[in-house]
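> I need the structure of the sequence given here:
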Amino acid sequence: ESEKAALQYELHDKFDKGEILLILDGYDEIAEHLPAEFTQLLRSLFSFKHLIVTSRPSSLCDLKEKFNFAPKMESMYEITGFSPTQIEIYIKSYFAYSSEPDKDNAKALNCFIEKNPSIAGACRIPINLELVCYAWQQRLIDESIVSLSRLYERVIISLCLRYLEKPPVHMKVRSLDRIT
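Here you go, the predicted model:
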């Protein structure tokens, strides 16, 4: 109990000194269905000295209207994802530094992505690109995959296989038929 009181004191002290960074992530995901009591809590949080709010641009007007929260333009950043050139560079690096470097595999994946605009769009998101590279390296994605739903299905399978092959499970899966 004394540890809890000491921690509370320390947090209040840090708050009073403006030494706490508060991060409100994903405001846009709750903006439309915000309960009244939560609105009051948010209103008080927007007075924090050091505050980062992440949101899709569509909810920025909502922040101003509901909470009179309007950050300065120089303190606003937009995360845009990878450009086509950055995707190509990432793929080359991924396959160059993997346990078995393979330039041909990198070229093939780059060609595949260039031919499939919807898949290229998904690969602009860095984590998606890493997952696609991994599934491609495992030969679970090939030229026949043209829809995003099929691509994600194969990425999920590759993640399941990776999990099953790690200790303590350590199970070798010989056929995708057992999974799909």
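> where does the residue nearest the centre of the chain land on pLDDT?
By Cα atoms, centre = their mean, the chain has its centre lying nearest to Ile127, at 5.9 Å. pLDDT for Ile127: 91.
> and the gap between it and Cys133?
11 Å (Cβ to Cβ, to the nearest Å). For glycine as for every other residue, the C-beta is placed from the backbone atoms N, C-alpha and C.
> overlap in contacts, these two.
The contact sets of Ile127 and Cys133 do not overlap (Cβ atoms under 8 Å, 6 or more residues apart in numbering).
> what ranges in the chain fall below the confidence cut-off?
71-74, 168-180 (pLDDT under 70).
> which residue ranges of it form helices?
Counting by DSSP state H, the segments of the chain that form helices are 2-16, 27-30, 36-45, 60-67, 84-96, 103-115, 117-122, 126-137, 148-164.
> which of those helices sits closest to Thr54?
For the helices of the chain, proximity to Thr54 was assessed by Cβ to Cβ; helix 27-30 is nearest, at 6.8 Å.
> quick one: contacts of that closest one?
Contacts for helix 27-30 (Cβ under 8 Å, 6+ apart): 38, 53-56, 58-59, 63.
> thanks a lot, catch you later.
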